[in-house]
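> Let's see this in three dimensions:
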Amino acid sequence: MTLVAGADLVQEGAAPRRPRGGGFGRYALGKVLGSLGSLVFLLVVNFFLFRVLPGDPARTLGRGRFTTEEQLEAFNRNYGLDQPLGEQFLTYLRNTLSGDLGVSLRYRVPVSDLIVDRLGPTLLLVGTSTLLAALIGIWLGIRGAWRRGGAFDRFSTSASLTLYSMPEWWLGLLLIAVLAVGIGPLPGLFPTGGLHSVDADPWSVAGVLDTARHLALPVLTLTLAYLADYALVMRSSLLDEMGEDYLTTARAKGLRDVAVRNRHAVPNALLPTTTVVALNFGFVVAGAITVETVFSIPGLGLLATEALSVPDYWVLQGTFLVASAAVILANLAANLVYGLLDPRVRA
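As a prediction, this is how the structure comes out:
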C-alpha cells in the first residue's frame, strides 16, 4: 500500500511530458505568418529601393523633347511623381493590392501586361533548365556518393564545381562561339539568340521545334551552371546517411546493395535536396538576367535590364515584386513540404 501510494504521489507530482514535436497545423501557421511578414517587408523595400536610383525619368525619357519646366511638370503630374513621397507610397500600396502595377514609362502599356507577356519565355527557359539540372544533379550526387572516391565521383565533382564557378554569361558566350558560330571545321549548329525565328508560327509543330532549337544553348548554359547545386547537396546528404545503423541492418537482412541504396538511403537523403529544388523553382520567375541578355530571350530578366537603363520605376517595381514574391512563396512551400516529410523540424 505504501509503495502504491508513493507511486501515486510521484505520478501526481511529476510534470507532464512534453510532446517531442509540435503539430503540423501550428508549424504551418508559423511559416505562413512568417511569409506574410516577408511580403509586407518586400512591399516597403520594393517602393523605396528604386526611388534612390540616379536620374530623372522625365528628362531621360524626354530625350530633349521637354524644353520647358511646364512640360516636365506635366509629365511628373501625369505619373504622380510630383506628389510627396509618403503620398506616393500610399498610392503604390493601394494600387499594388488591387493588381495595378502602373504604366511603363518606356512602353506606355500596363506593367502587368508586360510581365504576363515576358513570363512565358522565362518559365520555359529557366523552368526547363532547373528541371534538367535537378534530375541530372541528383543522379550525379547519388552515384558519386555511393562510390565515394572513385573515378566517376572525382570527375563529376570536379566538373560540376568548375562549371558552377564560371559566370553564366561567359559560359553562354563560349557555347555560342563553339556551337552557334562554329570553330574551324565545326559548323554552327544552333541559332545565336532569340526565342524563335521571325517567320515561325510558335504554335505549329514546326514552330515548336524551331523554339526548341533556339532554346537549346541557353537551356544548356543554365543546366550546366546549376548542376553543382543539386549534385553536391545530394552527395553530402547521402554520405551522411551511409553511416547510419539502419543501412547495416538492411544489409544484414540480405538486401542487395542496390536495394539498400534505392529503398532506404536515397529517400532519406532526398530531404535536403527537396528543399533546394523547391527554393530554386522560386527563382524560375526571376529568370536569368545575364543569360536572357546574352541570348536575347524576351523574358523577365531582359525586361528588368531594359528598365534599368531608363530607369522605368514601375517596370522595375513590378518585376522585382513578382520575382521576390515567387521566392518567398517557394520558400514557404519548401518549409511545408519539409515539415511533412520530416516531423522533427516541427519541434
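
> can you give me the offset of stretch 337-347 from its chain's centre?
From the chain centre to the centre of stretch 337-347 is a distance of 22 Å (CA atoms, centre = their mean, to the nearest Å).

> oh sorry, the question was meant for stretch 275-286
Counting by CA atoms, centre = their mean, stretch 275-286 comes out at 3 Å from the chain centroid.

> Pull the residues that contact that stretch.
119, 122-123, 126-127, 130, 134, 226, 229-230, 233, 300-301, 322-324, 326-331, 333-334, 337-338 (CB atoms under 8 Å, 6 or more residues apart in numbering). C-beta here means a position set from N, CA and C on the backbone, and glycine is covered the same way.

> residue ranges of the strands in the chain, please?
182-183, 186-187 (DSSP state E).

> Run me through the strand neighbours of the last one, direction for each.
In the sheet containing strand 186-187, its partner strands are strand 182-183 (antiparallel), by DSSP bridges.

> How far off centre is the strand it pairs with?
The chain centre lies 33 Å from the centre of strand 182-183; the measure is CA atoms, centre = their mean.

> and Leu217, what does it touch?
Gly172, Leu175, Ile176, Leu179, Ala180, Phe190, Pro191, Phe295.

> Please look at the fifth one and Pro187 and confirm they touch.
No. With the criterion set as CB atoms under 8 Å, Ala180 and Pro187 do not qualify as a contacting pair; they are 10.0 Å apart.

> neighbour-wise, which of these two wins?
Ala180 (18 against 9; other CB atoms under 10 Å).

> Any figure for the gap between that one and Val208?
Note on Ala180: its distance to Val208, by CB to CB, to the nearest Å, is 20 Å.

> What of Val315?
From Val315 over to Val208 the distance is 29 Å, taken as CB to CB.

> More neighbours: which of these two?
Val315 (28 against 14).

> ok, the residue lying closest to Ile138 once chain neighbours are set aside - contacts?
Nearest non-adjacent residue to Ile138, counting by CB to CB, 6 or more residues apart in numbering: Met234, 4.9 Å away. Going by CB under 8 Å, 6+ apart, Met234 touches Gly137, Ile138, Leu140, Gly141, Ile142, Ala145, Ala269, Leu270, Thr273.

> ok, now Asp210?
Asp210 sits next to His196, Ser197, Ala200, Pro202 when contact means CB under 8 Å, 6+ apart.

> Okay, now the unreliable bits of the stretch 201-347 of the chain?
285-287, 346-347 (pLDDT under 70).

> if you set the cut-off to 80 instead, what comes out?
202, 243-244, 257, 262, 264, 271, 274-275, 278-288, 309-313, 338-347 (pLDDT under 80).

> Mark which of the contacts of Asp210 are buried, thanks.
His196, Ala200 (16 or more other CB atoms under 10 Å).

> Can you add distance to Glu87 and give the contacts of Asp210 back as JSON lines?
Below are these laid out as JSON lines (distance: CB to CB, whole Å):
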{"residue": "His196", "distance to Glu87": "44"}
{"residue": "Ser197", "distance to Glu87": "48"}
{"residue": "Ala200", "distance to Glu87": "48"}
{"residue": "Pro202", "distance to Glu87": "44"}
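
> Check the contacts of Asp210 against Gly30 and report the nearest one.
For the contacts of Asp210, the minimum distance to Gly30 (CB to CB) is 44.2 Å, reached by Pro202.

> per-residue confidence at the spatially closest residue to Leu215 that is not a sequence neighbour?
Residue nearest to Leu215 in three dimensions, not counting chain neighbours: Leu125, with 6.1 Å by CB to CB, 6+ apart. The score at Leu125 is 90. That number is its pLDDT.

> Numbering from 49 from now on, please.
That works, and once the first residue is 49, the last one we named lands at Leu173.

> can you pull the contacts of Leu173?
Leu173 neighbours (CB under 8 Å, 6+ apart): Leu263, Pro266, Val267, Leu270, Gly335, Ala336, Val339, Glu340, Ile345, Gly347.

> For Pro346, see how far away Arg152 is.
Just to correct that, residue 152 is Ser rather than Arg. Taking CB to CB, one finds Ser152 at 14 Å from Pro346.

> More neighbours: which of those two?
Ser152 (21 against 16).

> Next up, phi/psi of the more buried one, please.
With angles defined as degrees, to the nearest 10, Ser152 sits at phi -60, psi 130.

> Could you double-check that it lies in contact with Val159?
Yes. Assessed by CB under 8 Å, Ser152 is found in contact with Val159 at 5.6 Å.

> State the pLDDT value of Ala76.
86.

> Isn't it up against Leu384?
Yes. Counting by CB under 8 Å, Leu384 is a contact partner of Ala76 at 5.8 Å.

> Show me the contacts of Met282 that map onto helices.
Using DSSP state H, the subset of the contacts of Met282 located in helices is Gly185, Ile186, Leu188, Gly189, Ile190, Ala193, Ala317, Leu318, Thr321.
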